[in-house]
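Q: From the sequence below, what's the structure:
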Amino acid sequence: MRILSSPFGFAHHTWHFAVLAMVFAAGMHGYSSSSSSKSSPPPRVSVPRQRTAPPPRPAQPATPFNRKPQQPQRQQPRPLPAPQPQRPTPNYSFGASTAPRIFAGERVVNTQGGGQRIYDRGGRLRFASANGMNIQRGPGGARIVSSIRPDGSRVTVWPGGNGWVQHPFSYRGIDYARRTYVVHSVQYSRFYRVYSWGGQRFNIYTPVSYYPSMYYWSLGRMWGSPAFSWGWQSAGWYGSYGRAFTPYSTYYTPSMWLTDYTLANGMDAAYQQDQADGSANEQPAPVVPVPNDVKNGVNQEIQNDISVLQRENQQESVGQPQNSPAGSVAEVLGDNRPHTFIAGEKLMLIDSGGTECALSPGDIVQYTPPAPAPNAPAVNVQVTWSKGAKDCVAGTTVGIALDDLQEMHNHMLATVDHGIDTLHTEQDAGKLPGAQGVLSNAMAHSYVLAAPQSDSAAQSELNAQSQEADKVEQMSTNQ
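A: Numbering: from 1, shown residues only. Below you'll find the model as predicted:
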């Protein structure tokens, strides 16, 4: 027997319900006394009640990233991009394995041994190659020297004598590389997994350790709405680039915290590069704040990077490292979505109008589909924010070699990985409210055991390559 509530309202028919309840109770008593030993529970009675509005939620910043935490699930690698119709050849950057594009009015000199020199319309040396070494000169005379040696090792020298030396090694049939960076005479190492695609070999950033639970949590909501003090006002870069962006007032997700961390890291790297190449005393260009839509794009890319790190660590946690496309430009260009990249080192470029410009650390570009053909040497991107001066201005379309685009992607992966480690440390120190059940000790990746030692002679190798580049450029001025 089921009793329905009256459609005319509960308030005017209370005595009806009382009578019906008495009749129902009597009937049920009679039923239970005549039934067997197994008794059924009494049916529930639907009693209408007045609903109250839920309390208002606290105000949140207008971002698309305030979302519910996702359930942990193993993500499958996205398919590689299918060949696309060849687009016009972009004006691209060039690394150690690619050659520059030649523009009308430039003079080209081929030298013995397969070397080449390119002089711009003003007669200035823009590019030179000799003995497996590429020399690039950009706006203001900044120089980048890169080379690939017969044993597979690589050397890149940035302006100011900073740079890195990379040595290959193998582990369980997978090619890796250990890269020793030298920045202001301070050395540190990063590791890379080598992945082949479209006839090219790319170095993909690979973490040396991982936190089993941090990645799932980093893709969810924050621990609350803590007020966090960064302490940037005393940093050297803040005076030059502090106005470039405004930190979030409240961190509702870990990715928002990591977004501000990543942008500040780029500003600091730009300041350090200014000190290295001697442009710190120049009159700085007015700093334009990073637009909100550009910052939102950085936030979305950081969430993608957390997913990449999560998949890399899932493979390691089960003891089955694989040479997958995770973290490669092959995967990024193959998902048919826009992507944001942040420069981690100086790049010499030429825009679509044939004008030289550069990207320096912290500059932001966006890639928009369709993807280039797998064997294309470069891809077109649009500069969405830069620091001005000699940098490519926002709105400029430039072509970037896939090798350089991978390095930009590596920079973001490494920064996010280090940011997660910092986030873990800040929680342990009590500066941020901890997430119960999330904090855990770091687990080391097994491939690190097979890695060569850090190159203690890296600074000497950088100096030697710089001196060799000086000789090549001296010969070029005599021609």
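
Q: Just the CA atoms of stretch 253-266, as CSV, please.
A: Presented in CSV, the C-alpha positions along stretch 253-266 are these (Å, rounded to 0.1, in the frame of the first residue of the first chain):
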residue,chain,number,x,y,z
THR,A,253,43.8,24.4,-8.2
PRO,A,254,47.4,23.3,-8.1
SER,A,255,47.7,24.2,-11.8
MET,A,256,47.0,27.8,-11.0
TRP,A,257,49.9,27.9,-8.5
LEU,A,258,52.1,26.2,-11.1
THR,A,259,51.1,28.7,-13.7
ASP,A,260,52.4,31.6,-11.7
TYR,A,261,55.5,29.6,-10.8
THR,A,262,56.2,28.9,-14.5
LEU,A,263,55.7,32.5,-15.6
ALA,A,264,57.9,33.8,-12.8
ASN,A,265,60.6,31.2,-13.7
GLY,A,266,60.6,32.6,-17.3
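
Q: Any chance you could list what contacts it?
A: Applying CB atoms under 8 Å, 6 or more residues apart in numbering, the contact partners of stretch 253-266 are 63, 65-67, 217-222, 228, 230, 232, 237, 244-245, 247-248, 251, 290, 295, 298-299, 302-303, 306, 342-344, 361-363, 412, 415-416, 419-420, 422-423. Any C-beta I mention is one placed from the backbone N, CA and C, and that applies to glycine too.

Q: if you set the cut-off to 6 Å instead, what comes out?
A: Contacts with stretch 253-266, where a contact means CB atoms under 6 Å, 6 or more residues apart in numbering, come from 65, 218, 221-222, 245, 247-248, 251, 298-299, 302-303, 342, 361-362, 415-416, 419.

Q: Next, the buried residues of it.
A: Neighbour-count burial for stretch 253-266 flags 253-266 (criterion: 16 or more other CB atoms under 10 Å).

Q: ok, now stretch 163-183?
A: Buried positions in stretch 163-183, judged by neighbour count with 16+ other CB under 10 Å: 163-168, 171, 175-183.

Q: Convert it to CSV, retaining C-alpha atoms only.
A: The C-alpha trace of stretch 163-183 is given here as CSV (Å, rounded to 0.1, in the frame of the first residue of the first chain):
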residue,chain,number,x,y,z
GLY,A,163,75.1,26.5,-22.4
TRP,A,164,75.0,22.7,-22.1
VAL,A,165,76.8,19.5,-23.0
GLN,A,166,74.9,16.3,-23.7
HIS,A,167,76.1,12.7,-23.7
PRO,A,168,74.0,9.7,-24.9
PHE,A,169,73.5,6.4,-23.1
SER,A,170,71.1,3.4,-23.3
TYR,A,171,69.0,1.5,-20.8
ARG,A,172,66.9,-1.5,-21.5
GLY,A,173,67.0,-0.9,-25.2
ILE,A,174,65.9,2.8,-25.0
ASP,A,175,68.2,5.7,-25.9
TYR,A,176,68.6,8.4,-23.2
ALA,A,177,70.9,11.4,-22.8
ARG,A,178,72.3,13.3,-19.8
ARG,A,179,72.6,17.0,-20.3
THR,A,180,74.9,19.1,-18.1
TYR,A,181,73.9,22.7,-18.0
VAL,A,182,76.3,25.5,-17.0
VAL,A,183,74.6,28.8,-16.1
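
Q: for the record, mean pLDDT for it?
A: Averaging pLDDT along stretch 163-183 yields 94.
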